[in-house]
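Enquirer: Give me a model of this one.
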Amino acid sequence: MEELIKNIVEADKAARGRINEKIHERDNVHSQILEKRSDVISKYQEESRKRIEERRAQLEEELKAAAMVEETRYQNTLEQLNRQVEAHREEWVSKLTAQCLKLEGCS
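Expert: Numbering: from 1, shown residues only. Prediction:
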C-alpha cells in the first residue's frame, strides 16, 4: 500500500512537472508571438512604405512623360499658329485697316 501511495505521489509530482513545463512553454510561445507581432507589423509597414514610394516614383515618371508630351504638343501648336500669323499677317492687317477706314467713313 505504501508503495502504491509512493507511486501515486511520484506520478502526481511528475505530472505537475510536465504541466509546469507546458505552462512555461506556453508563456514562452506567447512572448515570442508578442515579439514577432511587432516585427511583423514593422515589416508590413516598411513594405507598404516601399510600395508607396515605388508607386509614387512610377506616377511621377508617368506625369513627367505626359508633361513632355503636352509641352511638345503646345510647342507644335504655337509654331503652327506663328506660321499662320506670318503667312496671313499682311492680309489680316489690310482687312482690319480697310474695315476701320470703312467704319470711320460712315460716322
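Enquirer: does the spatially most central residue of the chain sit in a helix or strand, and which one?
Expert: By C-alpha atoms, centre = their mean, the chain has its centre lying nearest to Ile52, at 2.7 Å. Under the criterion of DSSP states H and E, Ile52 resides in helix 2-106.
Enquirer: Now that helix: average pLDDT?
Expert: Here helix 2-106 scores 91 as its mean pLDDT.
Enquirer: looking just at contacts, which helices and strands does it meet?
Expert: Packing contacts for helix 2-106, counted by 3 or more C-beta pairs under 8 Å, 6 or more residues apart in numbering; DSSP states H and E, involve no helix or strand. (Glycine included, C-beta is placed from N, CA and C.)
Enquirer: next one: it to chain centre, how far?
Expert: Mean C-alpha position of helix 2-106 versus that of the full chain (C-alpha atoms, centre = their mean, to the nearest Å) differs by 0 Å.
Enquirer: Quick check: the gap between the residue nearest to the centre of the chain and Leu59.
Expert: Distance, Ile52 to Leu59, using C-beta to C-beta, to the nearest Å: 10 Å.
Enquirer: can you check Thr97 too?
Expert: 53 Å.
Enquirer: do the same with Val93
Expert: For Val93, the distance to Leu59 (C-beta to C-beta) stands at 48 Å.
Enquirer: Also Gln80?
Expert: 31 Å.
Enquirer: swap in Asp12?
Expert: Distance of Asp12 to Leu59, given as C-beta to C-beta: 69 Å.
Enquirer: can you check Ile8 too?
Expert: Counting by C-beta to C-beta, the gap from Ile8 to Leu59 is 74 Å.
Enquirer: Number of residues surrounding Glu3?
Expert: Neighbours of Glu3 under the rule other C-beta atoms under 10 Å: 7.
Enquirer: again but with Met1, I slipped
Expert: Considering only other C-beta under 10 Å, Met1 is surrounded by 5 other residues.
Enquirer: again, but for Arg26
Expert: Neighbours of Arg26 under the rule other C-beta under 10 Å: 10.
Enquirer: cool, and Trp92?
Expert: Neighbours of Trp92 using other C-beta under 10 Å come to 12.
Enquirer: where's it relative to Glu79, distance?
Expert: Counting by C-beta to C-beta - Trp92 and Glu79 are separated by 18 Å.
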